[in-house]
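Visitor: requesting a structural model of the entry that follows:
(chains A and B)
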There are 2 protein chains.
Amino acid sequence: MLKLQTVAEVRSFLQPHRAAGRRIGLVPTMGALHEGHRSLIRAARAACDVVVVSIFVNPTQFGPNEDYAAYPRPLEDDLAACRAEGVDAAFCPPVEEMYSPQAATTVSVARLTEGLCGAHRPGHFTGVTTVVTKLFNIVQPNVAYFGQKDAQQAVVIRKMVHDLMFPIEIVTCPIVREADGLALSSRNVYLSPAERRQALSLSQALNWAREQVAAGERNVATLTEGMRQRITAAGPCVIDYVSIVDADELTPKQRVEGNCLIALAVRIGRTRLIDNIVVSV
Amino acid sequence: MLKLQTVAEVRSFLQPHRAAGRRIGLVPTMGALHEGHRSLIRAARAACDVVVVSIFVNPTQFGPNEDYAAYPRPLEDDLAACRAEGVDAAFCPPVEEMYSPQAATTVSVARLTEGLCGAHRPGHFTGVTTVVTKLFNIVQPNVAYFGQKDAQQAVVIRKMVHDLMFPIEIVTCPIVREADGLALSSRNVYLSPAERRQALSLSQALNWAREQVAAGERNVATLTEGMRQRITAAGPCVIDYVSIVDADELTPKQRVEGNCLIALAVRIGRTRLIDNIVVSV
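Guide: Numbers count the residues shown, from 1 in each chain, chains lettered A, B, ... in the order given. Okay, here's the model as predicted:
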């Protein structure tokens, strides 16, 4: 496996593959790879001739009071994981390769970024869509893989690709969970053992909501209030949101109908966790 | 020459050319093609294997009180001009092919778009950079051609391409002028004969400034005041700006030094005209 650090290296590596008409898959990550990332890489490996994983902790998607500096960067482990999954090239650029000091250009998606995490992380999604545009232009993949764990991000990226007419297929892969239900996240390493136990309340609340919907409950206020009670009962935390929205438009729902995204963000101690499920009725 | 109206048609036309490694040139236009546009097409024809001209009056770069509805659309003449210049394909999409009603994504360049035309046409450059991004993603050219007539646009597009890492070379072609000095513009057709004569004051003011600089004048206030006097002496008009800025950063200069863009925008009657020269000292 190649470790590439510059845009020129990526283009030079991919040029003969592109000229030969090979299918190129991109898995954009911020590193700290876990089984969720590895499921994306496996999906790419199964469907593409050439698999590129980008490992870049993107500064512009972190707010000033967020965990950019603390975000885990276990690069050697990540490269070993890529190697084990048969990745062809890992693109690990330094920040200055991705952002010049004079950078002035941003890519923004309106509306879809206003609610959910967008309401609590101003500028976050503009950072995401800008860096993903750069990665798309560097790698020019045929297909790119994103995780359903970041459900709003996946919807926003799809909208951007559609609006800007990127000739790229977007694949969203299911959330990978621990045996006890906790959604995998690079930020789980921040949790103390007690916080780790408390964090189970997130997936448990989502499962409770799914069962309620299966039993016929359609009232969104009833469902979100029930989820909030279950989460706060588990211990001290700050709920950023517990929302039920249209799965494609991310608009708030009064009643569960069609494809709904049930999504939540909760801060336990200093760690912000997100999780979600989709229900279809 | 092919006339293409959908994104799918463009991709299908270009796919074998791209697979064969041919060099693809794009000339993005809003139609109403004049010798300025034709100089861009000739530059593309001389340097590329495949030349695509897009003809699209982009609604998002017009303000609510601007001339979107009135903008000339002589499509048959434009297609004949493309044919005469040996263009391989003209891409003439309907508006709904370029913008879905649910479109939410914009590409913006900060700083460089604040002054000059950007100060008088809010949202204009975001409309330009967004539609050019779409055209780049549809055509995926190796090289794209823009006119120096729209000097700020050319600088903004270069910045966007650099920041977002589009694998595209940008070529800027010189302004083409009538024998008497008037810069060619699709909007010149709006001018009455008297306004047409008055409009000569723009290039004359720029030439006066160039001579003053050649003679040693370096004071920007002296130069812009002299240009303003020459323009207002020619008849009633509204000067949007007469500016001398750094040619790359578009930042205002106090004194002429290095590469300077001398640019102006003047409304004569209902027609807004722009013109510019670059001086290097």
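
Visitor: now stretch A:117-137: buried residues?
Guide: Buried residues in stretch A:117-137, counted by 16 or more other C-beta atoms under 10 Å in any protein chain shown: A:117-118, A:121, A:123-137. Glycine gets a C-beta too; all of them are placed from N, C-alpha and C.

Visitor: residues contacting residue A:38?
Guide: A:81, A:85 (C-beta atoms under 8 Å, 6 or more residues apart in numbering or on different chains).

Visitor: which phi and psi does residue A:68 have?
Guide: Main-chain torsions, residue A:68, degrees, to the nearest 10: phi -60, psi -50.

Visitor: find the nearest non-adjacent residue to it, please.
Guide: residue A:62 (3.8 Å; C-beta to C-beta, 6 or more residues apart in numbering or on different chains).

Visitor: per-residue confidence at the one you found?
Guide: With respect to pLDDT, residue A:62 scores 98.

Visitor: gap between it and residue A:159?
Guide: For residue A:62, the distance to residue A:159 equals 22 Å [C-beta to C-beta, to the nearest Å].

Visitor: those two: who's more crowded?
Guide: More crowded of residue A:62 and residue A:159, by other C-beta atoms under 10 Å in any protein chain shown: residue A:159, with 25 against 18.

Visitor: how is that one assigned, secondary-structure-wise?
Guide: Three-state assignment for residue A:159 (DSSP: H, G, I helix; E, B strand; the rest coil): helix.

Visitor: contacting residues for it?
Guide: Contacts for residue A:159 (C-beta under 8 Å, 6+ apart) come out as A:109, A:112, B:104-105.

Visitor: contacts only, for the residue in the stretch 1-150 of chain A that chain B sits nearest to.
Guide: Nearest residue of the stretch 1-150 of chain A to chain B, counting by C-beta to the nearest C-beta: residue A:105, 3.6 Å away. Contact analysis of residue A:105 by C-beta under 8 Å, 6+ apart lists A:130, B:107-110, B:129, B:159-160, B:163-164.

Visitor: show the subsequent helix or strand relative to the helix or strand in which residue A:135 is found.
Guide: Per DSSP states H and E: residue A:135 is located in helix A:124-139. Note on helix A:124-139: by DSSP H and E, the next helix or strand toward the C-terminus is strand A:143-147.

Visitor: convert the C-alpha atoms of that next one to CSV, please.
Guide: Only the C-alpha atoms of strand A:143-147 are listed here, as CSV (Å, rounded to 0.1, in the frame of the first residue of the first chain):
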residue,chain,number,x,y,z
VAL,A,143,-17.7,6.2,-6.1
ALA,A,144,-17.3,7.6,-2.6
TYR,A,145,-18.4,5.9,0.7
PHE,A,146,-19.9,7.6,3.7
GLY,A,147,-21.3,6.2,7.0
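
Visitor: that strand packs against which elements?
Guide: The criterion is 3 or more C-beta pairs under 8 Å, 6 or more residues apart in numbering or on different chains; DSSP states H and E, and the helices and strands that strand A:143-147 contacts are strand A:24-29, helix A:35-47, helix A:151-164, strand A:169-173.

Visitor: what's in contact with the last one?
Guide: In this case it means strand A:169-173. Contacts for strand A:169-173 (C-beta under 8 Å, 6+ apart): A:36, A:39-40, A:43, A:47, A:142-148, A:154, A:157-158, A:161.

Visitor: report the buried members of those.
Guide: A:36, A:39-40, A:43, A:142-148, A:154, A:157-158, A:161.

Visitor: and the residue of the stretch 1-150 of chain A closest to chain B, how far from residue A:20?
Guide: Counting by C-beta to C-beta, the gap from residue A:105 to residue A:20 is 32 Å.

Visitor: and for residue A:239?
Guide: Separation of residue A:239 from residue A:20 (C-beta to C-beta): 51 Å.

Visitor: the two: which is more packed in?
Guide: Using other C-beta under 10 Å as the criterion, residue A:239 and residue A:20 rank with residue A:239 on top: 15 against 10.

Visitor: which residues are in contact with residue A:115?
Guide: So residue A:115 contacts A:241, A:243, A:245, A:250-252 (C-beta under 8 Å, 6+ apart).

Visitor: next, format the residues you listed as a markdown table and append distance to chain B and pLDDT.
Guide: Listed next are the contacts of residue A:115 as a markdown table, based on distance: C-beta to the nearest C-beta, whole Å; pLDDT from 0 to 100:
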| residue | distance to chain B | pLDDT |
| --- | --- | --- |
| A:241 | 20 | 98 |
| A:243 | 19 | 98 |
| A:245 | 15 | 98 |
| A:250 | 11 | 98 |
| A:251 | 12 | 98 |
| A:252 | 17 | 97 |
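
Visitor: may I see these organised as CSV, with secondary structure and neighbour count added?
Guide: Output for the contacts of residue A:115, formatted as CSV (DSSP: H, G, I helix; E, B strand; the rest coil; neighbours: other C-beta atoms under 10 Å in any protein chain shown):
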residue, secondary structure, neighbour count
A:241, strand, 17
A:243, strand, 21
A:245, strand, 23
A:250, coil, 22
A:251, coil, 11
A:252, strand, 12
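
Visitor: widest-spaced pair of the contacts of residue A:159?
Guide: Greatest spacing in the contacts of residue A:159, by C-beta to C-beta: A:112 and B:105 (9.4 Å).

Visitor: ok, now how distant is residue A:169 from chain B?
Guide: 13 Å (C-beta to the nearest C-beta, to the nearest Å).

Visitor: what is the neighbour count of that residue?
Guide: When neighbours are defined as other C-beta under 10 Å, residue A:169 has 14 of them.

Visitor: again with residue A:271
Guide: 19.

Visitor: near chain B, which residues of chain A?
Guide: A:7, A:11, A:19, A:21, A:100, A:103-112, A:129-130, A:133-134, A:137-138, A:140, A:159-160, A:162-167 (C-beta under 8 Å from any C-beta of the partner chain).

Visitor: give me that answer again for 7 Å
Guide: Neighbours of chain B within chain A, by C-beta under 7 Å from any C-beta of the partner chain: A:7, A:11, A:19, A:21, A:103-112, A:133-134, A:137-138, A:159-160, A:163-167.

Visitor: what's the closest residue to residue A:183 other than its chain neighbours in contact with, if anything?
Guide: Among residues not flanking residue A:183 along the chain, residue A:275 sits closest, at 4.7 Å (C-beta to C-beta, 6+ apart). Residues near residue A:275 by C-beta atoms under 7 Å, 6 or more residues apart in numbering or on different chains: A:183, A:202-203, A:206, A:264.

Visitor: quick one, phi psi at residue A:275?
Guide: phi -160, psi 160.

Visitor: can you check residue A:83 too?
Guide: phi -60, psi -40.

Visitor: excluding sequence neighbours, find me the nearest residue to residue A:125.
Guide: Nearest to residue A:125 is residue A:113, by C-beta to C-beta, 6+ apart, at 4.0 Å.

Visitor: hang on, the one you found packs against residue A:153?
Guide: No - using C-beta atoms under 7 Å as the test, residue A:113 is too far from residue A:153 to be in contact (9.5 Å).

Visitor: am I right that residue A:28 is in contact with residue A:129?
Guide: No - assessed by C-beta under 7 Å, residue A:28 is found out of contact with residue A:129, at 11.6 Å.

Visitor: which residue, other than its chain neighbours, is closest to residue A:163?
Guide: Using C-beta to C-beta, 6+ apart, the closest residue to residue A:163 is residue B:105 (3.7 Å).
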